[in-house]
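In: Any chance you can model this:
(4 chains, ligands or ions: 4)
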Amino acid sequence: MSAPIIKCDHVSKRYPNGFLALENVTVDLYPGEIHALLGENGAGKSTLMNILYGVHEPTGGGLLLNGREVRHTRPGDAIANGIGMVHQHFKLVMPFTVAENLALVAKGAARARLRRHADVRTFMAEFGIELDPGAVLGDLPLALQQRVEILKALVNESRILLLDEPSTILAPSEVGALYDTLRRIRDRGTAVAVVTHNVDEVLANADRYTVLRRGRTVGTGHIAGADADALVELIVGRSVATGSRIGPYRTGGEPRLVLAGVSIRPGRGSPGLSNVDLELRAGEVVGVAGVEGNGQTELFELLAGQRLPDQGRITLPKAVALVPQDRHHEGLSLDLPVSQNLLYSEIMRRRYRRAGLLDHAAIGNRAEAMIEAADIRTRSHATPARALSGGNQQKIVLARAMAEDAPVIAVYQPTRGLDVAAAEAVLARLAEAADRGTTVVMISSNIEELIRVSDRIVVLNGGRVTGEVSGAGMVIEKIGPLMTRAVAPGKEGVAHG
Amino acid sequence: MDFDAVTIALFLAAGVRLCLPVALAALGEAVSERAGVFTIGLEGLMLFGAVASAVGLAMTGSPLMALVIGTGGGAAAAFVLALGTVLARANQIVMGIGFNLLAIGATSLIRQLVLTNAPPTGSLRTVTMMKLPWLADLPVVGRAFFSQSPVFYLAVVIAVLLWAMLRYSRLGLVLRAVGENAAATDAAGLPVLPIRMGAAVFTGVMAGLGGATLCIVASGGTFVDNMTAGRGYLAIAIAIFARWKPVRVMLVAFVLGLLEALQFQGQYLGIQIATPLLMAAPFVVALIAWIAIGRAGAAPADLGRPFLRGELR
Amino acid sequence: QDAPPRVAGLFTQTVTQGSWDVAGYAGFKAMAEAQGFNASYLEHVTYESAPAALRQLASDGVAMIIAHSSGYSAAIKEVAPSFPDTQFVLYSYEGSTDGLKNYSAWSVDWDEYGFVLGVLAASASKSGHIAVIGGEPIPSAERTMEFIKKGAAYVDPAVTVETAYVGSFSDVARAKEIATGLIARGADFLIPSADTADAGIQQAADEEGALTIGSYSDQSAAYPNAVMTSTVMNFAKSYGEIGAEFTAKTLGDKIVTENLASSGWTLSQPFQHVDAAVEAKVFAVIDELKAGKIDLYK
Amino acid sequence: MAEPMADQMGAALGLIRRALSVPLSMRVTLAAFAGSLVIGLMLIGLLGVPLGAAARVAAAGAFGDMRAISDTLVFMTPRLLVALGALVAIRGGMFNLGGEGQLQMGAIGAMLPFLAFGDIGVALLPLAILSGAICGGIWATIPALLKLWRGADEVIVTLLMNFIAIFFLKYLVQGPMQPVGSNFNMSAQLPSAGTLPLLIEGTRLHLGVVLALVVAFGVWVMLQHTAFGLALRASGASPGFVRLQGQSAGRMIVSSMAISGMIGGLAGAFEVLGVQYRLIDGFSAGLGFEGLAVAFLAGLEPMGAVVVSLYFGAINSATLSLQSQLSIPSALAEILSGLPIILLAVISGVLLAKGRPVWTSTR
Ligand SMILES: Nc1ncnc2c1ncn2[C@@H]1O[C@H](COP(=O)(O)OP(=O)(O)OP(=O)(O)O)[C@@H](O)[C@H]1O
Ligand SMILES: Nc1ncnc2c1ncn2[C@@H]1O[C@H](COP(=O)(O)OP(=O)(O)OP(=O)(O)O)[C@@H](O)[C@H]1O
Ligand SMILES: [Mg+2]
Ligand SMILES: [Mg+2]
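Out: Residues are numbered from 1 along each chain as shown, chains lettered A, B, ... in the order given. Ligands and ions are numbered 1, 2, ... in the order given. Model (predicted):
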């Protein structure tokens, strides 16, 4: 390998609130490599990427581009130096078309090359991506939006490509396609840096890795010769059992929630639901597998009581505890303190009152206990939820749902974006709940984790249930095809099988 | 009343004259809101434009120069306002309200210190009336639309240019992107703050021209304290009502101008409706129309949000 | 030697712009200088803040407060009883002082004023179509319009008198648009009665070739093509009397009527743009009014 | 028996202590006020007035004696109430620009019982206050319902309804509410039983001032110490969150606007019942927007609104003194009101850009 194309040289970053997110971090990126950046939630991965891209400026150290010192005070500087970035939270203009979004970033010659839709198609084809240039971004499913986010980073002939958690929102099959694209880009001599929480993905696709922990580099090396357990231990600082079954296989008790012939009309970018039959029983974990956008959202809304079926019947228990997919908008009220987020449902059920007013002391005490029990890392219970890392935010949502003691708990992508340790903790709590007799419905596109906690898994595809597997039958080889095999376009009211 | 051609032409012409200052300011507001900047200070910008034009008229004696100076006054004031709302990231609503209060006082003070009480003399014909050859001789429309102030023709041209700019040009794309998602525009390497500053100053140009038109074209060069009397707020309503589309802005403003002209017709005809109720009529009509439209197209997503790079949302 | 007494003036708009307040303030200032008062003034005093302003002035030891608008009447009647040592004076119109020992008013006979305007407009109009444009439809304005109609009819019962309101006392642009519309409908003489907004009416007349008048002071210089004559309020006389009566301690519970006979106001001469006959005719009526030979309330 | 009593007393004392603890952000507010006063005095100096004298007159005018203080408080009251109304709505997720209109309707409402029943003695005042609040509340509920029913954006609706209310009041005092034979555009005067009693003889300090402070305290308790307030804040900031919690964001919008309008209505009612004693055209002169600015300057915190509106009250009585004693043009009053708003907005913005927001709750 030649010289690094860019080097983060002893970089530190202290945020204005005084929090030291990076401390003396040095990372080299070489042309023609895929470099994985690993670390638990809040370790500083995004911060590092953002510094490379000019979103944040380092408070110590600097950047060396081909050995020369450069300053990136804004993304424009980084782009001018040949850097492209795929952001963890997409930077896309949703009402614009694909072509318009690409035109926005294009500079100079690139702009001239993307003038017509046909040109845009040609450009996309270079990376094996096929999209309608006239499609409005907001109408596309997440996975396709991500393709556009990647294309944007490539428009200007990037020599360095940064990707912040690109695989988090993808189904396993899509992850493969993503790395196919990345390898093509790497092979053209581009340095590719990828942030991810998935160690297996790193081992399968990356050339080198760097691990951050609490803002410091704790290890870096070649993938050849690394193994999963060692990497996980490097990431979280202790060994974590991953990949093994959590808890025993359970058999469900009395039925608690029944869907009978439920259909929901197709909506924008979604097939709706067709004739779904499902019976959920006490004390079991039912996994719902499927590629995102195959009716999961509608199913969750049905369970949440936010939507009624257009056809068919649903019998819900008195209460369903919910862990929604979008924790920032539905799971939490970000400006409320941790305590009130934790106890919101209970407060609304007329608890924690004194003389008709809120009993803040009691709320604080109860919240402290829950924070302790759920291992939520926060400065205090009065800290606004906004100031917590994603993993810890998710723990709040889960802790609240658990505390409701509802007969059914429905969770939707509960570990998305969480580091290994945080994800393990979430799965363990769900398993415990089922052991205590709660019905757990877990909708997820992560098949591995579904297999590890579920007692049976139903597969949603095109709005229909294309199959159910249970016990030892829960293997990727069986579930994958059910998820991805083409189904006849969903016609309302047509029964399957 | 006899609905002959002349009456109708005069009525339409009055609608045009009444709407012109507001329409100009509303065009400006539409642009800054497209770029994500809510210019509540529009009223104040119009006032600064008006007082600058009056000062310009007093100094140069030329109505044309007065309009230019008024436009410049609005732009300068908008630059100062945008230093607060765009660069310093001040809350756009608060800043606008404060700016409007300040503008009432400051323009009055300027008038007292700079302008004498004597009303201006000399002809303002060059800016109040310009008959377009051939077109002005057309029946009805000739008198209504082609025997107007040159500022009106300018406004129509600007509206069409803005429409084309927003729809077809790269500048339009970038401007809309800044209003829809400033963070994405920034990540695309484009200078968000300068773009917003530019849009805000353009709003000042239009509001300044609007104020100058109110003072020079509509009021014969007389500056009166707080002479905008709510027209800035009305212009904001028009910009939103028209969903930030320039040509629609002109049409909505014109309809409101007609409703205002209709009040006068009502008064002339001795219709027994109290003046205040007549004056409320345009607002009632606008409200009803707004309710009828219902869930109109979405506002620029980043409208009113100060841009902070790397902000956690 | 005692410190000179403090007096204060209250104005609804501003003393630096328009006609009513500017001319009134000039009278107020001249009076204070002549009498050696320590004078100050408040402008832009809304009727909302008037009671507060009056209370503040009175409790500050201001000995005489002159309010230059009839709209202040209610505020004075409310505040005056609490401040018996302060003299309150109102200029414009007042019907009754409610027996207050510290309230006096110089009350203009707006009925007569309107009548004369009607007479002069009807005499000057060639088309027999005149228009009156008021600010807001306040009762005193409506009443003035009634008397303008009477005056016009006195000259020629066939004269058409159109009336309209701007809806504001300061919106020059609206006033101008309304005036332009009325001229287009055939009016060739416009009577402005909208305070600061008068400028728009006079401009419209000036541009469209109609006649108009100046209000409260001679405005012929501003609109030389259009102003036939101006009403000239004799503020010097009225304010002079107020100052003298204050010094003589004869103020309190009195209403002084200002009209043609008292030289409270007059018309500037010579008339422009019309035959001498018109001027003669108007002044003949004025003389009859002064002599009490015309009953306005018939 | 004494046990819960003491408990409640303790709770009440705790509440008061928390209400009075001045938040750190107040320093910024005070800095902006001081800055604008300095600029204002410099302007006065430029007009040729000795600075010392101006400062003395201004200070005495705002706080010099009982009368000055009561004037300041009387000017504070409507601004405070409008701000409280605005912040309740905004906290609840409705961008209520309609303070001006709600104030007009409140003023109209305050006259209705007298016009309907005449002088009916002690019952008149409470009826008038109630009627003012209800009229303001109804006026503000309309935009909320229109938003739910038609999706009509409240910014435009409230803005337009301001104009409608202003012209409606104008119409009333020029016509239906004008006593026969009157020479002025105002309604008949209220009988003394129907007005807010003066608290100190020789001043204008009326009961409404105290009631406004009580309302401020009440709003604070409601927002911070009741489940309803918690739900209101949560639904304003995160409608998706409360929906998932099984609550109706729509109901929250309606109730926050109703409360907001009632408080805004009180602002108008107290002006009529405590200051004007009658309905006068144009009595509010932009109070609605000033109140909105106060709400934002206070970071949408009720106790902050007390401090900020007090400043505006002081500015108003101080400039009145400056005018009446030094004949300083009234334009300066507007400049002095506008400056602190601008300064505070800029300081807060700069701090926000530096990553240290003054107020965390402001959206
Ligand atoms: N603007 C900010 N101000 C203050 N603290 C911040 C800011 N941005 C990030 N942080 C904090 O800095 C730390 C590092 O954040 P960063 O986003 O880099 O983590 P990460 O490694 O990308 O985590 P994740 O896996 O959750 O994406 C976290 O504790 C985070 O909460
Ligand atoms: N956006 C933010 N604004 C203000 N403060 C923040 C922000 N993000 C993080 N912080 C502060 O940084 C601290 C550390 O963040 P974080 O919760 O990520 O810690 P952590 O222990 O690294 O979490 P994790 O358990 O995910 O590893 C937080 O407690 C919080 O006070
Ligand atoms: Mg963390
Ligand atoms: Mg991250």
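In: Just to be sure, A:Leu220 is in a helix?
Out: Slight slip there: residue A:220 is Thr, not Leu. No. When DSSP: H, G, I helix; E, B strand; the rest coil is applied, A:Thr220 is found to be strand, with no helix at that position.
In: After the helix or strand where B:Leu162 lies, which helix or strand is next? Please name it.
Out: In this structure, B:Leu162 sits in helix B:150-168 according to DSSP states H and E. Under the assignment DSSP H and E, the closest C-terminal helix or strand after helix B:150-168 is helix B:170-180.
In: does the closest residue to A:Ala374 other than its chain neighbours sit in a helix or strand, and which one?
Out: With sequence-adjacent residues excluded and distances taken as C-beta to C-beta, 6 or more residues apart in numbering or on different chains, A:Ala374 is closest to A:Ala399, at 4.1 Å. Backbone N, C-alpha and C define where each C-beta goes, glycine included. Element membership of A:Ala399 [criterion: DSSP H and E] is helix A:390-403.
In: what's in contact with that helix?
Out: A:40-42, A:321-324, A:327-328, A:331-332, A:338, A:341-346, A:370, A:373-378, A:385, A:388, A:409, A:411, A:414-415, A:417-419, A:422, A:425-426, A:429-430, A:433 (C-beta atoms under 8 Å, 6 or more residues apart in numbering or on different chains).
In: hmm, that helix touching ligand 4?
Out: No. With C-beta under 5 Å from the ion as the measure, helix A:390-403 is seen stopping short of ligand 4, the closest distance being 7.5 Å.
In: for the stretch 201-350 of chain A, what are the low-confidence residue spans?
Out: A:241-242, A:268-269 (pLDDT under 70).
In: quick one on the thing from earlier: give me the subset of the contacts of helix A:390-403 lying in strands.
Out: Assigned to strands by DSSP state E, the following of these qualify: A:321-323, A:409, A:411.
In: Of these, which is the nearest to ligand 1?
Out: A:Val323 (17.4 Å; C-beta to the nearest ligand atom).
In: From A:Gly390, how far off is the closest one?
Out: When C-beta to C-beta, to the nearest Å is applied, the distance between A:Val323 and A:Gly390 equals 14 Å.
In: Same question for A:Asp277.
Out: When distances are taken as C-beta to C-beta, A:Asp277 and A:Gly390 turn out to be 35 Å apart.
In: out of the two, which sits in the more crowded spot?
Out: The neighbour comparison of A:Asp277 against A:Gly390 (other C-beta atoms under 10 Å in any protein chain shown) goes to A:Gly390, with 18 against 14.
In: Need the pLDDT of that one.
Out: Confidence at A:Gly390, expressed as pLDDT, is 79.
In: What of D:Ile166?
Out: Reported pLDDT for D:Ile166: 93.
In: For B:Ala177, which non-adjacent residue is spatially closest?
Out: Taking C-beta to C-beta, 6+ apart, and ignoring the residues beside it in sequence, B:Ala177 has B:Thr185 as its nearest neighbour in space, at 4.5 Å.
In: surely the one you found meets B:Val174?
Out: Yes. With contacts counted by C-beta atoms under 8 Å, B:Thr185 reaches B:Val174, the gap being 7.0 Å.
In: Looking at those two, which is more packed in?
Out: B:Thr185 (30 against 19).
In: How much space separates the more buried one from B:Gly36?
Out: The spacing between B:Thr185 and B:Gly36, counted by C-beta to C-beta, is 9 Å.
In: what touches both of these two?
Out: Contact criterion C-beta under 8 Å, 6+ apart; residues bridging B:Thr185 and B:Gly36 by contacting each: B:Val178.
In: So which residues of the stretch 101-250 of chain C form strands?
Out: Along the stretch 101-250 of chain C, the stretches classed as strands by DSSP state E, counting those that start in this stretch are C:103-108, C:129-134, C:160-165, C:189-193, C:211-214, C:227-233.
In: if we compare those, which one ends up closest to ligand 2?
Out: The stretch from the strands of the stretch 101-250 of chain C with the least distance to ligand 2 (C-beta to the nearest ligand atom) is strand C:160-165; that distance is 57.9 Å.
In: Name every strand pairing with the closest one and say which way it goes.
Out: Partner strands and pairing direction for strand C:160-165 (DSSP bridges) are strand C:129-134 (parallel).
In: which stretches of the stretch 1-150 of chain C have low pLDDT?
Out: Residues of the stretch 1-150 of chain C that meet the criterion pLDDT under 70 lie in C:1, C:48.
In: Next, count neighbours for the residue in the stretch 251-363 of chain D positioned nearest to ligand 1.
Out: Closest residue of the stretch 251-363 of chain D to ligand 1, C-beta to the nearest ligand atom: D:Gly355 (6.1 Å). The tally of other residues near D:Gly355 (other C-beta under 10 Å) stands at 13.
In: Could you list the residues of chain B in contact with ligand 3?
Out: By C-beta under 5 Å from the ion, no part of chain B sits against ligand 3.
In: And the strands in chain B, which stretches?
Out: For chain B, the strands defined by DSSP E occupy B:130-131, B:147-148.
In: Give me the contact list for the first one.
Out: Okay, so that is strand B:130-131. Looking at strand B:130-131 with C-beta under 8 Å, 6+ apart, the contacting residues turn out to be B:146-150, B:153.
In: The same query, at a cut-off of 7 Å, please.
Out: Surrounding strand B:130-131, the residues in contact under the criterion C-beta atoms under 7 Å, 6 or more residues apart in numbering or on different chains are B:146-147, B:149-150.
In: Just among the residues you listed, which is most surrounded?
Out: Ranked by neighbours (other C-beta under 10 Å), the contacts of strand B:130-131 are led by B:Ser149, which has 22 neighbours.
In: hang on, the earlier thing: neighbours around the residue nearest to A:Ala374, how many?
Out: 22.
In: Distance of it relative to A:Gly84?
Out: 39 Å.
In: ditto for C:Ser19
Out: In this view, C:Ser19 and A:Gly84 are 69 Å apart by C-beta to C-beta.
In: When these two are compared, which one has more neighbours?
Out: Neighbour comparison, C:Ser19 and A:Gly84: the larger count goes to A:Gly84, with 29 against 23 (by other C-beta under 10 Å).
In: on that earlier part again, okay, the strands of chain B, which one's buried deepest?
Out: Each of those was scored by mean neighbour count; the highest is strand B:147-148, a mean of 21, by mean count of other C-beta atoms under 10 Å in any protein chain shown.
In: Could you list the paired strands of that strand along with their orientation?
Out: With DSSP bridges as the criterion, the sheet partners recorded for strand B:147-148 are strand B:130-131 (antiparallel).
In: List the contacts of B:Val16.
Out: Contacts for B:Val16 (C-beta under 7 Å, 6+ apart) come out as B:144-145, B:148, B:152, B:254, B:257.
In: Flag whichever of those residues scores worst on pLDDT.
Out: Lowest pLDDT among the contacts of B:Val16: B:Ala144, with 87.
In: nearest spatial neighbour of that one, skipping sequence neighbours?
Out: The shortest distance from B:Ala144 to any residue other than its chain neighbours is 3.5 Å, reached at B:Leu12 (C-beta to C-beta, 6+ apart).
In: And D:Asn96, by the same measure?
Out: D:Ala89 (3.6 Å).
In: Helix or strand: which one has that neighbour?
Out: Assignment of secondary structure by DSSP H and E places D:Ala89 within helix D:66-91.
In: and the next helix or strand after that helix, how far out from the chain's middle?
Out: Towards the C-terminus, the helix or strand next in line after helix D:66-91, according to DSSP H and E, is helix D:99-117. Averaging C-alpha positions (C-alpha atoms, centre = their mean, to the nearest Å) puts helix D:99-117 16 Å from its chain's average.
In: Likewise for stretch A:7-24?
Out: Offset of stretch A:7-24 from its chain centre (C-alpha atoms, centre = their mean): 25 Å.
In: Let me know whether it sits next to ligand 4.
Out: No. Between stretch A:7-24 and ligand 4, judged by C-beta under 5 Å from the ion, nothing touches; the nearest distance is 10.4 Å.
In: buried sites along that stretch?
Out: Across stretch A:7-24, burial judged by 16 or more other C-beta atoms under 10 Å in any protein chain shown covers A:7-9, A:11-13, A:21-23.
In: Likewise for stretch A:248-263?
Out: For stretch A:248-263, the neighbour count (16+ other C-beta under 10 Å) marks A:250, A:252, A:256-257, A:259, A:262-263 as buried.
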